[in-house]
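*Asks:* Kindly return the folded structure for what I paste below:
(4 chains)
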2 protein chains.
Amino acid sequence: MVKFSKKLEYSIISLRHISNAGNEIIRVRDISEKYNIPHDLLAKILQKLKKAEILISSQGINGGYTLNRKLNEIPLSELMMIVENTTTIAECFHNDDKTCTIIDSCTIKDPLSKIQTEFENILKNKMISDFV
Amino acid sequence: MVKFSKKLEYSIISLRHISNAGNEIIRVRDISEKYNIPHDLLAKILQKLKKAEILISSQGINGGYTLNRKLNEIPLSELMMIVENTTTIAECFHNDDKTCTIIDSCTIKDPLSKIQTEFENILKNKMISDFV
DNA sequence: TAAAATACGACTATATTAGTCCGATTTTAT
DNA sequence: ATAAAATCGGACTAATATAGTCGTATTTTA
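*Replies:* Numbers count the residues shown, from 1 in each chain, chains lettered A, B, ... in the order given. Sure, this is the predicted structure:
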């Protein structure tokens, strides 16, 4: 199946919420409670976004997150890479498979990677701001 | 994650093999052995393709499968629907979720379904013959 | 009539995704 | 100082989806 993940959804919701809050610092709990997203799961996703320098975090009793980049400069493909580690829809089925019996005559790989490219282009041209 | 399935791969391999064989009847075992695909799993996939009238089957000792439609008239999207039951990449995250708290202000749905449409267009324009 | 093929539902195994738990660290108001 | 409340982060469990297996029935023909 071909489907977007919850992590991606939670990321988009969070980025939108933080963006709408302006300069206000947003806590994980704020988002978690408002949208019924599991706190610990969301916390980890936001940590990833911080590591990727999309968010800025501050710890301590008044801590939370603010935006570090503009949403119209973050393509969906980048967000997917960060939270899902991959956007690969059509990786070669056999590249890493030592037991592959058809690798020499593989005519599937090329068309699939072409689909991959077209798909990635769509994702690259959708900015997170498009979802806000 | 966003990925094609083994079932789709096995389908493409099988259709290519059967197509290349001309009018010859191809047994599940022929394909299974040549490409190291589990026999029972492949058998079910080909049964689905038969139900979808992409293949014609004959039972009995000399039975097997032949093509019923030309591969350049079968879009990848159709094959995905048959073997995976869906091509939905960006179904609304909340449509079926009665507990959804943001459905009224959901600004994610529309852009996602636009991506869905673009993605489906790619799949519709790729014919199985492109993989042969 | 036996062999060999498809037909098909039920089952098990594996992989991926989603979510939980718990302790550590950091910061700040009191 | 220190307690409260936040992020940080690894290890774990649960749920779901995909992949693969098993057993039996039916069909056909040499």
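*Asks:* how about the longest helix seen in chain A, does it reach DNA strand D?
*Replies:* The helix spanning the most residues in chain A, taking DSSP state H as the definition, is helix A:109-125. No: for helix A:109-125 and DNA strand D, the contact criterion (Cβ under 7 Å from any atom of the strand) is not met; the two come no nearer than 13.7 Å. All C-beta atoms are positioned from the backbone trio N, CA, C, and that covers glycine.
*Asks:* and that helix, what does it pack onto?
*Replies:* In terms of contacts (3 or more Cβ pairs under 8 Å, 6 or more residues apart in numbering or on different chains; DSSP states H and E), helix A:109-125 is packed against helix A:76-84, helix B:109-125.
*Asks:* Same list, these, but as a markdown table with mean pLDDT and mean neighbour count please.
*Replies:* A markdown table is the format used below for the helices and strands packed on helix A:109-125 (pLDDT from 0 to 100; neighbours: other Cβ atoms under 10 Å in any protein chain shown):
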| stretch | mean pLDDT | mean neighbour count |
| --- | --- | --- |
| helix A:76-84 | 92 | 20 |
| helix B:109-125 | 79 | 17 |
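*Asks:* With DNA strand C as the reference, name the closest of these.
*Replies:* Ranking these by their distance to DNA strand C (criterion: Cβ to the nearest atom of the strand) puts helix A:76-84 first, at 6.3 Å.
*Asks:* The closest one vs DNA strand D: in contact?
*Replies:* No: counting by Cβ under 7 Å from any atom of the strand, DNA strand D has no neighbours in helix A:76-84; the shortest distance is 13.5 Å.
*Asks:* CA atoms only: put that helix into PDB for me.
*Replies:* Below are the C-alpha coordinates for helix A:76-84, written out as PDB (Å, rounded to 0.1, in the frame of the first residue of the first chain):
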ATOM      1  CA  LEU A  76       6.900  18.200   2.000                       C
ATOM      2  CA  SER A  77       9.600  15.900   0.700                       C
ATOM      3  CA  GLU A  78      12.000  17.300   3.400                       C
ATOM      4  CA  LEU A  79       9.500  16.800   6.100                       C
ATOM      5  CA  MET A  80       8.900  13.200   5.000                       C
ATOM      6  CA  MET A  81      12.600  12.500   5.000                       C
ATOM      7  CA  ILE A  82      12.900  13.900   8.600                       C
ATOM      8  CA  VAL A  83      10.000  12.100  10.200                       C
ATOM      9  CA  GLU A  84       9.900   8.900   8.100                       C
END
